[in-house]
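[1] Quick check, what structure comes out for this input:
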Amino acid sequence: MTYDRLVCANCAAPVSEGRCSVCRASRERMQEDGPFAGLNPAMLVALMVILMAALALLVHQAV
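    Got it, this is the predicted structure:
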């Protein structure tokens, strides 16, 4: 999940705005999660399908 859709329990504002210290801390933590943290589930599934197709193509050529 991306932080632009989250609502802060402390100030009831969107976390992406960073109005309070809790929002800013959550936003920083979510930005540091890793390279795939910003991808939505549909993009991850599409990436997996592409990788599986590439692997199948390599196996087929090796035989």
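[2] what's the burial count for the residue lying closest to residue 18 once chain neighbours are set aside?
    What sits nearest to residue 18 in space, not counting adjacent residues and going by C-beta to C-beta, 6 or more residues apart in numbering, is residue 24, at 4.5 Å. All C-beta atoms are positioned from the backbone trio N, CA, C, and that covers glycine. Look at residue 24: counted by other C-beta atoms under 10 Å, it has 14 neighbours.
[3] Next: residue 8.
    20.
[4] could you check the distance from the closest residue to it other than its chain neighbours over to residue 40?
    Distances taken as C-beta to C-beta, 6+ apart place residue 23 nearest to residue 8, at 4.7 Å, with adjacent residues excluded. Using C-beta to C-beta, to the nearest Å, residue 23 is found at 21 Å from residue 40.
[5] With residue 52 instead?
    With C-beta to C-beta as the criterion, residue 52 and residue 40 are 19 Å apart.
[6] Can I get the helix or strand hosting the residue nearest to residue 18 in CSV, CA atoms only?
    Assigned by DSSP states H and E, residue 24 falls within helix 21-31. Extracted in CSV, the C-alpha atoms of helix 21-31 (Å, rounded to 0.1, in the frame of the first residue of the first chain):
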residue,chain,number,x,y,z
SER,A,21,5.2,14.2,13.6
VAL,A,22,3.5,10.8,13.4
CYS,A,23,2.6,11.4,9.7
ARG,A,24,6.1,12.5,8.9
ALA,A,25,7.6,9.4,10.6
SER,A,26,5.3,7.0,8.8
ARG,A,27,6.0,8.7,5.5
GLU,A,28,9.8,8.4,6.0
ARG,A,29,9.5,4.7,7.1
MET,A,30,7.4,3.8,4.1
GLN,A,31,9.7,5.5,1.7
